[in-house]
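> Provided below for reference: sequence and predicted model.
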Amino acid sequence: MKKLVVIVLSVLITGVTNAQIQNEKGLYIDTNSDPQLFSGKLFNGVISEVKNGVKTDFTVKEGVIDGEATYYYASGNKMETGTFKNGQKDQKWTRYNENGTISAIAFYNAGKKTGTWLVYDETGKKRFEMNYNNGEKTGVWTNWDESGAVASTKTYNPN
């Protein structure tokens, strides 16, 4: 159960790591430019970096993270994939266990949580189903136990 809580928290707080080519305004600039100056050409392309054992590849357009992003465990196995739009998480994000099993699926719209989020245990069994609308908890949230029986439900109203 502790692993499951860690997975849920990881999905909810995963963020973008910064590269050395990011200027004071938070924009990525060409590595041939002086990162301390705002006159540097805005970067377009894919940035790959490693921080705390996690490798990240993400697409940058006009200095802003925009496009596909992939995070990898230190082993090289895929950890998480998703899309950014204008620097914010957007669309579907999928998180994987070290062994490659999907551990969570989440959706964003312009950086806000949206849609149905799912969390799976180490064996691939669905354990949590959560719903969001415009970043707010909504609808019925369900938790299943190890045997697949509903352990609890909670209903959230958008007000």
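Yes, it's here.

> tell me the first helix or strand C-terminal of the worst-scoring helix or strand of the chain on mean pLDDT.
Lowest on mean pLDDT, DSSP states H and E among the helices and strands of the chain sits helix 2-13, with a mean of 43. Going down the chain from helix 2-13, the next helix or strand is strand 45-51, by DSSP states H and E.

> with only the CA atoms kept, save that next one in CSV.
C-alpha atoms of strand 45-51 as CSV (Å, rounded to 0.1, in the frame of the first residue of the first chain):
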residue,chain,number,x,y,z
GLY,A,45,14.4,21.3,-30.4
VAL,A,46,14.7,18.5,-27.9
ILE,A,47,16.5,18.8,-24.6
SER,A,48,17.9,15.8,-22.8
GLU,A,49,19.0,16.1,-19.2
VAL,A,50,19.7,13.9,-16.2
LYS,A,51,18.9,15.1,-12.6
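
> and that strand, which residues are buried?
residue 47 (16 or more other CB atoms under 10 Å). Quick note: C-beta positions are derived from backbone N, CA and C, even for glycine.

> what residue ranges in the protein score low on pLDDT?
1-21, 31-40, 159 (pLDDT under 70).

> try it again with 90
1-44, 51-52, 158-159 (pLDDT under 90).

> host element of the spatially closest residue to residue 115 that is not a sequence neighbour?
Of all residues not flanking residue 115 in the chain, residue 107 sits nearest, at 3.8 Å (CB to CB, 6 or more residues apart in numbering). Here residue 107 sits within strand 102-109, counting by DSSP H and E.
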